[in-house]
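Visitor: Sequence and predicted model, in that order:
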Amino acid sequence: MNRTPALLTRITDRHPSLLYADFRRVFWNAFFASAAFWTLLLARGWLVHELTGKGFWVGAVTFAGMIPLALSGPIGGALADRVDRRLMAIAADAVGILAAGGLAALTLAGVIEAWHVLLFASIDGVGRSFGMPAEQAIVPNVVREEHLLNAVALSGITRHGSRIAGPLLGGALLTTLGAGSVFVLSGVFLALALQQLVLLEYRSAPFPGGVRNAMAIGPVLRDVREGFFYVASEPRLIVVLVLVGLHCGATMAFDSMMPSLATSIGGGDVTYSGIIVGIGAGAIVGTLIISMIQSEPALGRVFFLVGIGSGVSLFVIGIAATPHIAVTGGVLAGATQASFMAVSVVFVQRVTPDEFRARVMSLYIMLAAGLMASVNYGFGWLSDETGVRPLLIVAGALWCVGFTAAAMLLPEVRSLVRRGNFRETLAVDATDAAMRATSK
């Protein structure tokens, strides 16, 4: 008896978004693109740590790769609401391939310097700042609304869970062949991601007046302004974006400290790779659980638990005396942080009309990446003076206290964690909010 059809039926019953062919292509694009990012993060961080021995430089490279998401992300979001989102994502992946190829060539030639890594991290970050809003805005366009939670959660699995595939392969290459081979692997991952976008059937609606009008500087900047006005007019988005910004700055900005931590507890690059792989493993488990939640109250309770868990995970990593404990903390961090971000994206996507979707997601990414980049940079600098452990423990504790207080004292946050939805008084009509924004 062939059990394969029955198994596939059970999978699609639990994950109906997989029934859509275009979503499957978006899923694999996100998986390969994210795997490329995590291999780049792994190799760039360790290479710069080897070249300089300074946490400051690791923080600077991490900052350079993330800050373009904050600086040029809103422009990328505005463009993604005006031009073909698929073509925009293809161009972004092509830029990433060039950046990975440049790093690979310089490293394998033995002429790589720290400033080279900084430069190519910036180029890659600019490409991602234009690609990510387009890619995330495509998701609601290729599934029905009732399957959006499942689609967003599965997309979270690709982004965070690819920390297993990317760093696992990248870590093996890093310890045997060096960072240059990891940059080659990252380029291969990006080429596979680009292939999935080429196969995508979805196309954005043509912009009135053609591509030239769609990319005109004045109207694009006007759309950026309208995106800010729309968010400012929608209190539900403000609530979620503030939570996301604080969460990313407090609990997810530890990448620059991991090479130093791994060196201090033993194991070097093996421990470093293990922590990153552990984060990916936890992210898969966490987001897979999120993807199967169908009850709004259950979603709210999980939102609170994973929020607290994000802070606790930093405490575990901060007190780790052995590689095994550090990796365990990484697993907990991946499970809780990825789940928190997945649920927050669902809250945002639920209330955002499609004509503003890419701009809102670009502001979401801008806030998250901007704070992660800035705090990573600061932590990298401070860790040279204080060590990494106090920074991890204090940041985790502050987030736990702050998030608990918000859930108890602020009615909007209390509604999210208890009901899994916004208060009725906040649930203003999204179309009216959009009209108010564009009229300003």
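Guide: It's in.
Visitor: Mean pLDDT per helix and strand in the chain: which one sits at the bottom?
Guide: Using mean pLDDT, DSSP states H and E, helix 430-439 stands out as the lowest-scoring helix or strand of the chain, at a mean of 48.
Visitor: Residue 133 reaches residue 365, doesn't it?
Guide: Yes. In this structure, residue 133 is within contact of residue 365 by C-beta atoms under 8 Å, at 6.4 Å. All C-beta spots, glycine's among them, are computed from the backbone N, C-alpha and C.
Visitor: neighbour count winner among these two?
Guide: Ranked by neighbour count (other C-beta atoms under 10 Å), residue 133 and residue 365 place residue 133 first, with 34 against 23.
Visitor: Look up how far residue 271 lies from that one.
Guide: Separation of residue 133 from residue 271 (C-beta to C-beta, to the nearest Å): 35 Å.
Visitor: And for residue 154?
Guide: In this view, residue 154 and residue 271 are 30 Å apart by C-beta to C-beta.
Visitor: ditto for residue 370
Guide: The spacing between residue 370 and residue 271, counted by C-beta to C-beta, is 29 Å.
Visitor: likewise residue 44?
Guide: Distance from residue 44 to residue 271, by C-beta to C-beta: 18 Å.
Visitor: go on, residue 331?
Guide: Taking C-beta to C-beta, one finds residue 331 at 14 Å from residue 271.
Visitor: neighbour-wise, which of those two wins?
Guide: Between residue 331 and residue 271, counted using other C-beta under 10 Å, the more crowded position is residue 271 (24 against 21).
Visitor: Tell me the spacing between the more buried one and residue 77.
Guide: Note on residue 271: its distance to residue 77, by C-beta to C-beta, is 38 Å.
Visitor: same check, this time on residue 185
Guide: 30 Å.
Visitor: For those two, indicate the residue with more neighbours.
Guide: More crowded of residue 185 and residue 77, by other C-beta under 10 Å: residue 77, with 31 against 25.
Visitor: what's the closest non-adjacent residue to that one?
Guide: Closest residue to residue 77 apart from its sequence neighbours, by C-beta to C-beta, 6 or more residues apart in numbering: residue 362 at 2.4 Å.
Visitor: pLDDT at the one you found, what is it?
Guide: Looking at residue 362, its pLDDT reads 77.
Visitor: May I ask which helix or strand encompasses it?
Guide: Element membership of residue 362 [criterion: DSSP states H and E] is helix 357-386.
Visitor: State the three-state secondary structure for residue 293.
Guide: Secondary structure assignment for residue 293 (DSSP: H, G, I helix; E, B strand; the rest coil): coil.
Visitor: That one: how many residues sit nearby?
Guide: 21.
Visitor: Residue 386 versus that one, what's the distance?
Guide: Noted for residue 293: a distance of 39 Å to residue 386, by C-beta to C-beta.
Visitor: and if you look at residue 32?
Guide: Residue 32 sits 38 Å away from residue 386, going by C-beta to C-beta.
Visitor: again with residue 60
Guide: Distance of residue 60 to residue 386, given as C-beta to C-beta: 18 Å.
Visitor: Okay, buried residues for the longest helix anywhere in the chain please.
Guide: Longest among the helix segments of the chain by residue count, using DSSP state H, is helix 21-52. Within helix 21-52, the residues that count as buried by 16 or more other C-beta atoms under 10 Å are 22-49, 51-52.
Visitor: Show me what the helix or strand following that helix is packed up against.
Guide: Next helix or strand after helix 21-52 toward the C-terminus (DSSP H and E): helix 55-71. Secondary-structure packing of helix 55-71 (3 or more C-beta pairs under 8 Å, 6 or more residues apart in numbering; DSSP states H and E): helix 21-52, helix 114-138, helix 258-265, helix 357-386.
Visitor: got the angle for the second one vs helix 21-52?
Guide: Helix 114-138 runs at 160 degrees relative to helix 21-52, counting by axes from the mean of the first three to the mean of the last three C-alpha atoms, to 10 degrees.
Visitor: any idea how far helix 114-138 is from the chain center?
Guide: The chain centre lies 12 Å from the centre of helix 114-138; the measure is C-alpha atoms, centre = their mean, to the nearest Å.
Visitor: What is that helix packed up against?
Guide: Using 3+ C-beta pairs under 8 Å, 6+ apart, helix 114-138 sits against helix 21-52, helix 55-71, helix 73-80, helix 85-108, helix 357-386.
Visitor: Send over the fourth one as PDB, restricted to the C-alpha atoms.
Guide: Okay, so that is helix 85-108. Presented in PDB, the C-alpha positions along helix 85-108 are these (Å, rounded to 0.1, in the frame of the first residue of the first chain):
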ATOM      1  CA  ARG A  85       8.200  42.500  -6.800                       C
ATOM      2  CA  ARG A  86       9.500  39.400  -8.500                       C
ATOM      3  CA  LEU A  87      12.000  41.300 -10.700                       C
ATOM      4  CA  MET A  88      13.100  43.400  -7.700                       C
ATOM      5  CA  ALA A  89      13.800  40.300  -5.700                       C
ATOM      6  CA  ILE A  90      15.800  38.700  -8.600                       C
ATOM      7  CA  ALA A  91      18.000  41.800  -8.800                       C
ATOM      8  CA  ALA A  92      18.700  41.700  -5.100                       C
ATOM      9  CA  ASP A  93      19.800  38.100  -5.300                       C
ATOM     10  CA  ALA A  94      22.100  38.900  -8.200                       C
ATOM     11  CA  VAL A  95      23.700  41.700  -6.100                       C
ATOM     12  CA  GLY A  96      24.200  39.100  -3.300                       C
ATOM     13  CA  ILE A  97      25.900  36.700  -5.700                       C
ATOM     14  CA  LEU A  98      28.400  39.400  -6.800                       C
ATOM     15  CA  ALA A  99      29.200  40.300  -3.100                       C
ATOM     16  CA  ALA A 100      29.700  36.600  -2.100                       C
ATOM     17  CA  GLY A 101      31.900  36.100  -5.300                       C
ATOM     18  CA  GLY A 102      34.000  39.100  -4.500                       C
ATOM     19  CA  LEU A 103      34.700  37.900  -0.900                       C
ATOM     20  CA  ALA A 104      35.500  34.400  -2.200                       C
ATOM     21  CA  ALA A 105      37.900  35.700  -4.800                       C
ATOM     22  CA  LEU A 106      39.900  37.900  -2.400                       C
ATOM     23  CA  THR A 107      39.900  35.300   0.400                       C
ATOM     24  CA  LEU A 108      41.000  32.400  -1.800                       C
END
